[in-house]
Each structure stands twice: as structure tokens, then as C-alpha cells.
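Undergrad: fold the following for me, if possible:
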Amino acid sequence: LYVAKVRAGGCFRVSSRTIKSITFGHSSSEKAELVIEDAPRLLSLLLTDCNRDDRVTIRVIRAPNLEIL
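TA: All right, here's what the predicted structure looks like:
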């Protein structure tokens, strides 16, 4: 899953039994949240274009195989 140049605030939730990789980019001045609720096969979560001023909160609830953050 590739989500790039998100220009809005709010919450983006992911729940997938088959997803293996997520790339997320946020370029807004508003706060955003990425929640991974249930992704048992997720191996990597990559952040791109995210502002360095704590505008993105990441919550991983269940991703037992996550190796790269």
C-alpha cells in the first residue's frame, strides 16, 4: 500500500490480513494519525515526506511480523 502526499489531517486506519508493506507520506501542516489495527503479515512500514515536527502519530495495535519501521 502506497499513500503519498496526504494533505489533510485526521486518521487513516489499516486493517488487512494480507498486506505486507505500507509506505505513508504526509505533507500537511495539520496533525495526522496512522493506525494499523490488524495486519498479521505486515513486514515493513516506511514513512516518506513526513514533517519533522511531530505532525504524524503512528499506532500499531497488531502487526506481529513488523520488522522495519
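Undergrad: show me what the worst-scoring helix or strand of the chain on mean pLDDT is packed up against.
TA: Within the chain, confidence by mean pLDDT, DSSP states H and E is lowest for strand 2-6 among all helices and strands, at a mean of 75. If you count contacts as 3 or more Cβ pairs under 8 Å, 6 or more residues apart in numbering; DSSP states H and E, strand 2-6 packs onto strand 21-26. (C-beta placed from N, C-alpha, C; glycine too.)
Undergrad: try 10 Å this time
TA: In this structure, strand 2-6 packs against strand 10-15, strand 21-26, strand 32-38, strand 44-48, with contacts taken as 3 or more Cβ pairs under 10 Å, 6 or more residues apart in numbering; DSSP states H and E.
Undergrad: any chance of those strands in CSV, plus mean pLDDT and mean neighbour count?
TA: Below are those laid out as CSV (pLDDT from 0 to 100; neighbours: other Cβ atoms under 10 Å):
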stretch, mean pLDDT, mean neighbour count
strand 10-15, 86, 13
strand 21-26, 85, 18
strand 32-38, 89, 17
strand 44-48, 86, 15
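Undergrad: hang on, the earlier thing: the least confident helix or strand of the chain: partners in the sheet, and parallel or antiparallel?
TA: Paired neighbours of strand 2-6 in the sheet (DSSP bridges): strand 21-26 (parallel).
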